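>>> predicted model and sequence below, questions to follow.
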Amino acid sequence: MRLRPAVVVFAGVVGFLWSSPVTAQTPTFSKDVAPILYKNCSQCHRPNEVAPMSLMTYDEVRPWARSIKSKVVKKEMPPWGVGRSTLDFSNDRRMSDKEIATLVAWVDGGAPRGRDADLPSPPSYPGGWKFNVEPDVVVKMPVEFKVEPRSEYPMLDFYVPVPWTDGMKLIQMSEARPSNKAVVHHITVSLVTFPPGTEVIDGQPFTTDASGKKVPLDRRLARITEQRLPAELQIPREPGEKPDRLSSVGGFTTLLAYVAGRGFDDHPDGVGTPALPGQYINFNMHYTPTGRVEYDRSEVGFWFVKGEPKKFHFRTPINERQAVNGKIVRGEIPDAADVEAGRVSQGATAATISAFSGLPPIPPHEANFTVTSELKITQDITINGFYPHMHVRGKSAEYKIVFPDGREQLLFDVPRYRFDWQERYVLAAPLKIPNGSLLKYKGVFDNSAENPLNPNPDKEVYWSEQSWDEMSLGWIEYTLDKQKLKK
Ligand code: HEC
């Protein structure tokens, strides 16, 4: 460790001596470096964004020159998690060797400013939104929430009615933003259909009990069954065909999650999550108090499918058959009675049991707790993206496919999973998955003291939504090949 700064300085000096005679070739900030930073860094390194400093102007970048060189040479910046892979990703942030060499040569050449006339115009982010264009609709939390200086908060739910009245929209892109980053640990935004007779007051759902009294609605009732789905949401089936879980549109659909590294979601052209007037937008908030009184009113922006709607966007975790350290522990999705009786997990709700299977307890100090899960593919689908999700003990993730002919292929792995930097991996080209394939997901957990994020290696860890408990979810994002949407 000690040696590293000396080596960097030494290399810098050598580089400087070598490159200084050829000044004409030394890259300059204005001409060579700014375009690279605008393309590869500024989406995070700009004011009010996720990175700790802005890298937009020469004066902002210059003090970081040495650190930038070190981070890009070690490929720690821009962040990117994929290791081995047989797929290409459209959000692959890795820079080309040429771009890295230009940054290194610039730093080694003394980080010159160059001529202002060469400077390209910086990228603009209208209203600060990631997708460079204002959303079609912005929905804010129904109330400004007061975050008291206390030790912790449970997950809190707020509901806002879908604000449009002109029929179904397909949400193609969305972005969630806290108004107060300091206290928002994460936001999950979902679409919810309440049972008839539900009344939402100040963002909280109420129903009327048998005696006519207004009582809070059980959160688990925030869903509809297939039978009650409006016609627009029904997926056409062959006569006699049973619904399968791959084409189930529930009354509770998660749209996106905001955590460090995430907070926006996008699908291919024509593809989106269906949302109907009468449904509610659910902000599931996890606040982390700062020690002072704070306020937050988070918001979500939606961009709808323009032009011809093609497909519904679906997502599901690979979770049907589960094995721990190679031994099968679960053959099917847990049943509601188990969840009800607390036998599966704390925190699981009826709305989530179809999506989350309970994670068997992780023993204290176990450094390589390996959970493998499978999902049988029961119709032709096309995968557009992946989202591996674990909490602070997550260590690595891996996706594989077994084709109907028995051929097994690695899709990709994430060798160093980071809870504090989660990523959705979006495919550059859609991946066709034929009926009869098997998808496999492996999540490895480190509950030992070696894991710097582990709050308590002595603890046996259970499934729950809280980040100090665990989850093992290998999400896939897909469309159904047979679905046709009429205009
Ligand atoms: C997707 C978001 C994202 C992108 C893109 C990104 N960064 Fe970062 N960067 C971060 C975050 C978040 C941190 C702080 C946490 C960390 O180090 O992981 C960071 C930290 C850094 C640091 C260390 C700062 C310190 O406090 O020591 C440097 C240097 C850096 N980035 C340079 C770059 C450069 C150069 C690029 C482009 C070539 C880039 N980053 C692209 C998000 C990003």
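Cool, the structure landed.
>>> within the helices and strands, which one has the residue in the stretch 301-450 of the chain that the ligand sits nearest to?
Among the residues of the stretch 301-450 of the chain, residue 421 lies nearest to the ligand; the distance is 6.1 Å by C-beta to the nearest ligand atom. C-betas here are computed from N, CA, C, even on glycine. Secondary structure here is read from DSSP states H and E; on that basis residue 421 sits in neither a helix nor a strand.
>>> all strands of the stretch 301-450 of the chain, in order?
311-312, 314-317, 321-324, 327-330, 369-376, 381-389, 394-402, 408-414, 425-433, 438-445 (DSSP state E, counting those that start in this stretch).
>>> and residue 32, which of these is closest to it?
Of all these, it is strand 425-433 that lies closest to residue 32, at 26.8 Å by C-beta to C-beta.
>>> how many neighbouring residues does residue 292 have?
10 (other C-beta atoms under 10 Å).
>>> pretty sure it sits in a helix.
No - with the criterion set as DSSP: H, G, I helix; E, B strand; the rest coil, the secondary structure at residue 292 is coil rather than a helix.
>>> correct me, but it touches residue 149?
Yes - judged on C-beta atoms under 8 Å, residue 292 makes contact with residue 149 at a distance of 5.8 Å.
>>> low-confidence ranges in the stretch 151-300 of the chain?
Along the stretch 151-300 of the chain, segments meeting pLDDT under 70 span 220-229, 242-243, 249-251, 260-261.
>>> rerun that using 90 as the cut-off
By pLDDT under 90, the low-scoring segments of the stretch 151-300 of the chain are 151-155, 167, 181-182, 185-186, 192-198, 209-210, 217-254, 257-264, 278.
>>> show me what from it comes close to the ligand.
When proximity is defined as C-beta under 6 Å from any ligand atom, the stretch 151-300 of the chain does not approach the ligand at any residue.
>>> in the stretch 151-300 of the chain, which spans are strands?
Here the stretch 151-300 of the chain has its strands, by DSSP E, counting those that start in this stretch, at 156-161, 169-177, 184-192, 199-201, 204-208, 214-216, 252-258, 264-266, 271-275, 280-287, 294-296, 299-304.
>>> to residue 25, which of those lies closest?
Distances from residue 25 to each of the strands of the stretch 151-300 of the chain were compared by C-beta to C-beta, and the smallest falls on strand 264-266, at 39.0 Å.
>>> which strands or helices does that closest one pack on?
The helices and strands touching strand 264-266, judged by 3 or more C-beta pairs under 8 Å, 6 or more residues apart in numbering; DSSP states H and E, are strand 169-177, strand 252-258.
>>> any chance of these in a markdown table, with distance to residue 218 and mean neighbour count too?
Converted to a markdown table, these look like this (distance: least, C-beta to C-beta, whole Å; neighbours: other C-beta atoms under 10 Å):
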| stretch | distance to residue 218 | mean neighbour count |
| --- | --- | --- |
| strand 169-177 | 25 | 22 |
| strand 252-258 | 13 | 22 |
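>>> who wins for proximity to residue 277 among those strands?
Across the helices and strands packed on strand 264-266, the minimum distance to residue 277, taken as C-beta to C-beta, is reached by strand 169-177, at 9.1 Å.
>>> what are the pairing partners of that closest one, and which direction each?
Strand 169-177 has these partner strands in its sheet, going by DSSP bridges: strand 264-266 (antiparallel), strand 271-275 (antiparallel), strand 299-304 (antiparallel).
>>> is it possible to get those out as JSON lines so that each row also shows mean neighbour count and distance to residue 196?
Listed next are the strands paired with strand 169-177 as JSON lines, based on neighbours: other C-beta atoms under 10 Å; distance: least, C-beta to C-beta, whole Å:
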{"stretch": "strand 264-266", "mean neighbour count": "22", "distance to residue 196": "30"}
{"stretch": "strand 271-275", "mean neighbour count": "23", "distance to residue 196": "19"}
{"stretch": "strand 299-304", "mean neighbour count": "21", "distance to residue 196": "25"}
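>>> just put those in a markdown table and tack on distance to residue 361.
What follows is these, written out as a markdown table (distance: least, C-beta to C-beta, whole Å):
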| stretch | distance to residue 361 |
| --- | --- |
| strand 264-266 | 31 |
| strand 271-275 | 33 |
| strand 299-304 | 34 |
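>>> now check stretch 446-462, is it near the ligand?
No - counting by C-beta under 6 Å from any ligand atom, the ligand is not contacted by stretch 446-462; separation bottoms out at 12.8 Å.
>>> ends of that stretch, how far apart?
Terminal residues of stretch 446-462 lie 13 Å apart, using C-alpha to C-alpha, to the nearest Å.
>>> could you pull up the mean pLDDT of it?
Mean pLDDT, taken over the full extent of stretch 446-462, equals 91.
>>> list the buried residues of that stretch.
Residues of stretch 446-462 classed as buried under the neighbour-count rule (16 or more other C-beta atoms under 10 Å) are 446-448, 451, 454, 457, 459, 461-462.
>>> what's in contact with it?
Under the contact criterion C-beta atoms under 8 Å, 6 or more residues apart in numbering, stretch 446-462 has outside partners 345-346, 359, 361-369, 392-395, 419-420, 445, 468-470.
>>> the ligand versus the residue lying closest to residue 288 once chain neighbours are set aside, what's the distance?
Of all residues beyond its chain neighbours, the one nearest residue 288 is residue 185 (4.5 Å), with distances taken as C-beta to C-beta, 6 or more residues apart in numbering. Using C-beta to the nearest ligand atom, to the nearest Å, one gets 15 Å for the distance from residue 185 to the ligand.
>>> fine by me, thanks again.
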